[in-house]
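Undergrad: fold the following and give me the result.
(chains A and B)
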Amino acid sequence: MTLPVLPHGDAGVSRRNAIKQLALACGLVLSANSLSALAATFGQPTDLSRSKKTLLKADQLALLRELGEIIIPTTDTPGAIAAGVHDFLDHYLVYCASPTEQQGFIAGLKRIDDSAQKQFKKPFLSATKQQQITLLTNMEKASDGFTADDRKFFKQLKALVTFGYYTSEIGATKELAYLAIPGGYKGNFKFKQVGRAWALPY
Amino acid sequence: MEKNIYIVKSTEIYDAIVVGSGISGGWAAKELTEKGLKTLMVERGRPVEHRKDYIGEGLTAWQMPFRGQVEKSVVDEQHYVQKKCYAFNDATKHFFGNDKDYPYSTPKDKPFDWIRGNQLGGKSLLWHRQSYRWAEHDFNANALDGHGVDWPIRTKDIEKWYDHVETHAGISGSTENLEILPDSKFLPPFEMNAVEKEMKVRIEKKWKTRKLIMGRTAHLSVPAPHHTAQGRVQCQTRNECQKGCSFGAYFSTQSSTLPAALATNNLTIATNSIVHSVIYDPKSNRATGVRVIDAETMETREYFAKVIFLCASTIGTTQIMLNSKSEAFPTGIANSSGALGHYLMDHLYGAGASGRVEGFTDEYYSGRRPTGLVMPRFTNYSEMNPNFLRGYQLTGAASREPWNGFSERDGFGADYKNNIRSAGSWIFSLGGSGEMLPRYENQISLHPTLKDKWGMPQLHIECDLSENDWKMFEDIADTCANILETIGVKDVKKKIEAKSGWHPGLAIHEMGTARMGKDPKTSVLNGWNQAHDVPNLFVTDGSCMASSASQNPSLTYMALTARAADYAVQQLKLGKI
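TA: Below is the predicted model:
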């Protein structure tokens, strides 16, 4: 079965073509390659018109950018910056967080920066990597002057960064293993056969 | 599909009208058309064409503006109840009902979460596909303890109809010869992973009365030739079913019953047609048709038929019947018993336990299996519990903790990232589906004043949990925790979600309110799903249920529908209705 080579552009037409091909293919045994190709044909470009607004000021966004990269750094795969986690959260928080949650997030960012000022006499972004890590470690443990509320904020931040990273294309397909169309469930399967966690857990 | 099957107005007198196009409506349409009846399927929502209209299918997280979540403004305005469903997300929201247009009320102290899908295919696009037969023990339940009325049927009446619907739909599962959970006509079962196999060994070694088996699900694990002939493909285990499946790998109206009905050339469909009431002729004592409000234009029209099947979902069907008032039936059509609207049930969900299984770090799985495991009922069957009536089945699974479980633990940076990549600990969990007693005071009624967008009286739903229900919740949680601890699972945590926000309705197995029974004085339908009072009116969706058992009910709705359709056609041919 030859699969359609889809033009960029009208996603609706592309999808209809893909479905027509699939309808013809039904009843045939589909190979893993053709299945993966089919997976690509189902997609549509992100509807960015639904997420135009942003929450953060430039300095807050810059701080979030750095925090994201500290939480999920570049290793042998790209980290949070490359995955655009800060930009994503800047849009996401406008639409999917309540005003209270938004203010709490901004206040938490400020708490981090204020703590750096207090401890290191400089903004968080100007502190050394080790100072930054020490500060955040204490915040997560609610030690060294950080409160239970501070710990709670850091947990939320970490959860948001994790969410933004592992649902990004980089996080899901480069760092983890992405299998759009698995072709069946194998219960007798060793971790080393894939070597990294599935991006889509269930 | 050459002929134009979609109509708006029609003066034709059809052989049959089927109201609703979901699990039971699709089956009624298939069976009636295959038996030669010119059938009009009336659906309140818009058309949804298999494959073409699955607009969320195949979307990756990053292709969606909020990675699968829905913006608060949309959720708060239109889906403030639907959002509670586990399957509600940005790629499925268009298959869920609109809470703003079609609201309902409850007493403040009795919250009820009504999850619905108001489009062609109904909740057959959204269901979890779990499919289990009822046992004789289940049909006996009301007679045994006196709650509810005795079922007018037993397994011998329905067995061959289970065979019939299972064969066509395709049910995957393992043959186990268990009296309490009878086997279906099965396609091969899905595989267990290494940890599940070990949990099964430990559980069954410890308890002779408890079995952990593969879940039974309406998926084509391996399609039979007649499935392939319908254009349905083997399940690819994407586990994104609710977005729509162009492979047709799970049972839905679109993938399975509708194509069969269309192939007969006896089916016509009216969409965006909200049934306001059943038209009743007192002289002949027959339902003669339905009154409809157009969902888009608000125009009213009527459709006529010799036989009416109400398959509009449990609450939808009873709303229509309550709204079908006449001199003969001042409280709703076929309601001489006064039972209409009463004995609403849902399953008791949200109680269970989970914990960590140490080791097995070399083991994993590939694919996203669309079913978990099931532990058939043992409570008040093979293990008696004097504290409460009836019982529950357990479902569960073992999987490795995914990335979103990691942020709770301390740590960040390269180690955090690498730990996530290495996949988390194995987690094993079990949770219950408990049987709710049928109670008169759990009821739905028409609101005296409030109307929805189309001028239909809104529903008022009153449903709360009884002492029996709470005792069962406690037992489910304790039992699950005990099982896990006994077999060596660590850090076992138990939960009862009903204490923290789970409300009736959220199992999405709402049943009852037009119950079957032997006695016309205490039930709405007889053993053929035929209204005692109006012989050409049949009701085969969840509203017909006289008790709830603990199994997922849709398979039983399919079998009851096929059986009732067969009977209705016979009666029509004999001139009896």
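
Undergrad: alpha carbons only for contacts and neighbour counts from here, please
TA: Will do.

Undergrad: ok, which stretches of chain B are helices?
TA: For chain B, the helices defined by DSSP state H cover B:23-34, B:72-78, B:136-145, B:155-169, B:194-206, B:225-229, B:258-263, B:314-323, B:414-421, B:467-486, B:554-573.

Undergrad: out of these, which comes closest to B:Gly122?
TA: Distance to B:Gly122, taken as CA to CA, is lowest for helix B:23-34 among the helices of chain B, at 7.4 Å.

Undergrad: for chain A, which spans come out with low pLDDT?
TA: Residues of chain A that meet the criterion pLDDT under 70 lie in A:1-44.

Undergrad: helices of chain A, start to end?
TA: With DSSP H as the criterion, chain A has helices at A:11-25, A:32-41, A:58-71, A:85-96, A:99-120, A:129-141, A:148-166, A:169.

Undergrad: and the residue lying closest to A:Lys186 once chain neighbours are set aside, what pLDDT?
TA: Leaving out its chain neighbours, the residue that sits closest to A:Lys186 by CA to CA, 6 or more residues apart in numbering or on different chains is B:Ser366, at 5.0 Å. At B:Ser366, the pLDDT value in this model is 97.

Undergrad: tell me, how many residues neighbour B:Ser366?
TA: Around B:Ser366 there are 23 other residues, counting by other CA atoms under 10 Å in any protein chain shown.

Undergrad: that one and A:Ile181 touch, don't they?
TA: No. B:Ser366 is not in contact with A:Ile181 according to CA atoms under 8 Å; the separation is 10.6 Å.

Undergrad: neighbours of B:Arg202, how many?
TA: 17.

Undergrad: how much space between the closest residue in space to it that isn't next to it in sequence and chain A?
TA: The shortest distance from B:Arg202 to any non-neighbouring residue, by CA to CA, 6+ apart, is to B:Ile487 (6.0 Å). According to CA to the nearest CA, to the nearest Å, B:Ile487 and chain A sit 21 Å apart.

Undergrad: residues touching B:Ile487, list them.
TA: Applying CA atoms under 8 Å, 6 or more residues apart in numbering or on different chains, one finds that B:Ile487 lies in contact with B:Met199, B:Arg202, B:Ile203.

Undergrad: buried residues, the longest strand that chain B contains. List them.
TA: Across chain B, the longest stretch assigned as strand under DSSP state E is strand B:300-310. Going by neighbour count (16 or more other CA atoms under 10 Å in any protein chain shown), the buried part of strand B:300-310 is B:Arg301, B:Glu302, B:Tyr303, B:Phe304, B:Ala305, B:Lys306, B:Val307, B:Ile308, B:Phe309, B:Leu310.

Undergrad: so the first one touches B:Val42, yeah?
TA: No. Counting by CA under 8 Å, no contact exists between B:Arg301 and B:Val42, whose distance comes to 12.0 Å.

Undergrad: turn the helices of chain A into CSV, including distance to B:Pro457.
TA: Below are the helices of chain A laid out as CSV (distance: least, CA to CA, whole Å):
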stretch, distance to B:Pro457
helix A:11-25, 39
helix A:32-41, 45
helix A:58-71, 50
helix A:85-96, 33
helix A:99-120, 35
helix A:129-141, 53
helix A:148-166, 43
helix A:169, 48
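
Undergrad: neighbours of residue 87, how many?
TA: I'll assume chain A. Neighbourhood size, A:Asp87 [other CA under 10 Å]: 18.

Undergrad: ah, I was thinking of chain B
TA: Residues lying near B:Ala87 (other CA under 10 Å) number 19.

Undergrad: any idea how far it lies from B:Phe247?
TA: Per CA to CA, to the nearest Å, B:Ala87 is found 19 Å from B:Phe247.

Undergrad: then B:Asp138?
TA: The spacing between B:Asp138 and B:Phe247, counted by CA to CA, is 35 Å.

Undergrad: got it, and B:Arg216?
TA: From B:Arg216 to B:Phe247 the distance is 19 Å (CA to CA).

Undergrad: neighbour count for these two, which is higher?
TA: Shown here are B:Arg216 and B:Phe247; by other CA under 10 Å, B:Arg216 has more neighbours (27 against 22).

Undergrad: just give the closest residue to the more buried one, not the sequence neighbours.
TA: Closest to B:Arg216 by CA to CA, 6+ apart is B:Gly173, at 4.5 Å.

Undergrad: that older thread, contact partners of the longest strand of chain B?
TA: So strand B:300-310 is contacted by B:9-20, B:25, B:28, B:287-294, B:317, B:536-541, B:568, B:577 (CA under 8 Å, 6+ apart).

Undergrad: please redo it, this time with the cut-off set to 7 Å
TA: The contact list for strand B:300-310, computed with CA atoms under 7 Å, 6 or more residues apart in numbering or on different chains, reads B:10-19, B:287-294, B:317, B:536-540.

Undergrad: please, a PyMOL command that selects the buried ones among these?
TA: Selection of buried members from the contacts of strand B:300-310 for PyMOL, criterion 16+ other CA under 10 Å:
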select buried, chain B and resi 13+14+15+16+17+18+19+287+288+289+290+291+292+293+294+317+536+537+538+539+540
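
Undergrad: which residues touch the residue of chain B most remote from its centre?
TA: The C-alpha centroid of chain B is most remote from B:Ala414, which lies 44.7 Å away (CA atoms, centre = their mean). Counting by CA under 7 Å, 6+ apart, B:Ala414 touches A:Ile72, A:Pro73, A:Thr75.

Undergrad: show the end-to-end separation of stretch B:72-90, please.
TA: Stretch B:72-90 has an end-to-end distance of 11 Å (CA to CA).

Undergrad: is that stretch positioned near chain A?
TA: Yes. Stretch B:72-90 reaches chain A (CA under 7 Å from any CA of the partner chain) through B:Lys72.

Undergrad: list of residues touching that stretch?
TA: Identification of contacts with stretch B:72-90 by CA under 7 Å, 6+ apart yields A:95-96, B:68-70, B:96-100, B:113, B:115, B:242.

Undergrad: in it, what's buried?
TA: So for stretch B:72-90, counting by 16+ other CA under 10 Å, buried means B:72, B:75, B:78-85, B:87-90.

Undergrad: tell me the one of these nearest B:Tyr440?
TA: B:Val81 (24.9 Å).

Undergrad: any idea how many residues pack against the nearest residue to A:Phe154 once chain neighbours are set aside?
TA: Nearest residue to A:Phe154, sequence neighbours excluded (CA to CA, 6+ apart): A:Glu140, at 5.8 Å. The burial count assigned to A:Glu140 is 24, neighbours taken as other CA under 10 Å.
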